[in-house]
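Undergrad: structure, please.
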Amino acid sequence: MLKGKTAVITGSTSGIGLGIARALAAQGADIVLNGFGDVEGPKAEIAALGVKVAYHGADMSRPAEIEAMMKFAASEFGQVDILVNNAGIQYVARIENFPVDKWDAVIAINLSSAFHATRLALPAMQAADGGRGWGRIINIASAHGLVGSPEKSAYVAAKHGIVGLTKVTALENATSGVTCNAICPGWVLTPLVQKQIDARAAGQGIGNDAAAQQLLQEKEPSLQFTTPEELGALAVFFCSPAGNNVRGVAWNMDGGWVAQ
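TA: Numbers count the residues shown, from 1 in each chain. Here you go, the predicted model:
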């Protein structure tokens, strides 16, 4: 379905981003990975799906590096057809104790990076298909883009901002073939969430399984983690013809979290 398209997925060397990269690659899209940690493993995994894959190590807190990444993607594959803004970090503290540098970092990586990548991707998307436009921008928000939780002020503010950015991007491109939507996962067992589970287990002197169940019981009525594969399937739907008129939604995949 996506053969001949190129997707840039930020924060895609593990977790949600890698799951979405796999799903888009399985539909034939060429992939530009971004992120830290192991790179060769994810590159080999995506290449095994029969598509072209490249990697750019842009620091998503730095606009100049984001610009370099988008130029790299265009030079490698022609243009960026699909942009998945997924890169994110977390820091937990009460507002009065929240370090200013941590606030700035969370906002830069979780929110501002999506703005910068989007503004750079849009012109080519708008010019595609003989000027009619074709493009898909998928922003990975969170259940925390729809509701709040204590001690997560920067993350909640950034993810609410992502939902707002999604709506404006969708409205500004509503008469074109360029769509923008947000996915709002609940708990996904990514390295970011595993750190929270580990901290809870250590703080309470309990096992990791018990800590994970506590985390789910507090927020997610289904008592199960959303998987990167499920999120990838939703991203594929947004890129499909069935998603042509899905615009500006914040689609929660959260086991009932925000239904409460």
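Undergrad: next SSE downstream of the helix of greatest length in the chain?
TA: Criterion DSSP state H: the longest helix present in the chain is helix 153-172. Later in the chain than helix 153-172, the nearest helix or strand by DSSP states H and E is strand 178-185.
Undergrad: downstream of that next one, the next helix or strand is which one?
TA: Using DSSP H and E, the first helix or strand after strand 178-185 is helix 191-204.
Undergrad: on that earlier part again, what sits up against the longest helix of the chain?
TA: 85, 88, 90-91, 95, 98, 102-103, 106-107, 110-111, 114-115, 118, 122, 137, 139-142, 144-146, 148-149, 179-182, 184, 247-250 (CB atoms under 8 Å, 6 or more residues apart in numbering). Backbone N, C-alpha and C define where each C-beta goes, glycine included.
Undergrad: are any of these buried, and if so which?
TA: Neighbour-count burial (16 or more other CB atoms under 10 Å) applied to those gives 85, 88, 90-91, 98, 103, 106-107, 110-111, 114-115, 118, 122, 137, 139-142, 144-146, 179-182, 184, 247-250.
Undergrad: quick one: secondary structure of the residue lying closest to Gln126 once chain neighbours are set aside?
TA: Nearest residue to Gln126, sequence neighbours excluded (CB to CB, 6 or more residues apart in numbering): Gly133, at 4.8 Å. Classification of Gly133 using DSSP: H, G, I helix; E, B strand; the rest coil returns coil.
Undergrad: mind checking the end-to-end distance for stretch 223-230?
TA: One end of stretch 223-230 to the other measures 16 Å (CA to CA, to the nearest Å).
Undergrad: I meant stretch 240-250, not that one.
TA: First-to-last residue span, stretch 240-250, CA to CA: 17 Å.
Undergrad: ok now it, how far from the chain's centre?
TA: Mean-position distance between stretch 240-250 and its chain equals 17 Å (CA atoms, centre = their mean, to the nearest Å).
Undergrad: name the residues that touch it?
TA: Contacts of stretch 240-250 (CB under 8 Å, 6+ apart): 1, 136, 141, 145-146, 163, 166-167, 169-171, 174, 177, 179-182, 184, 237-238.
Undergrad: looking at the buried ones among the contacts of helix 153-172, which are in helices?
TA: Trp103, Val106, Ile107, Ala114, Phe115, Thr118, Leu122.
Undergrad: quickly name whichever of those residues is closest to Ala48.
TA: Nearest to Ala48 among those is Ala114, at 29.0 Å by CB to CB.
Undergrad: what pLDDT is listed against the residue lying closest to that closest one once chain neighbours are set aside?
TA: With CB to CB, 6+ apart as the criterion, Ala114 has its nearest non-adjacent residue at 3.7 Å, and that residue is Asn85. You'll see Asn85 listed with a pLDDT of 98.
Undergrad: contacting residues for Asn85?
TA: Per CB under 8 Å, 6+ apart, neighbours of Asn85: Thr10, Ser113, Ala114, Ala117, Thr118, Ile137, Ile138, Asn139, Ile140, Ile162.
Undergrad: now do the end-to-end distance for stretch 52-63.
TA: 26 Å.
Undergrad: quick one, domains of this protein?
TA: Residue ranges for each domain of the chain read 6-187+226-259, 189-225, as given by automatic domain parsing.
Undergrad: quick check: which of these is buried the most?
TA: Across these, averaging neighbours per residue (mean count of other CB atoms under 10 Å) puts domain 6-187+226-259 on top, at a mean of 19.
Undergrad: let's check: the centremost residue of this protein is which one?
TA: Asn86 (2.2 Å; CA atoms, centre = their mean).
Undergrad: where does this structure have its least confident helix or strand?
TA: helix 191-204 (a mean of 90; mean pLDDT, DSSP states H and E).
Undergrad: quick check: next helix or strand after that helix?
TA: Heading C-terminal from helix 191-204 (DSSP H and E), you reach helix 208-219.
Undergrad: could you report the pLDDT at Ser61?
TA: Reported pLDDT for Ser61: 97.
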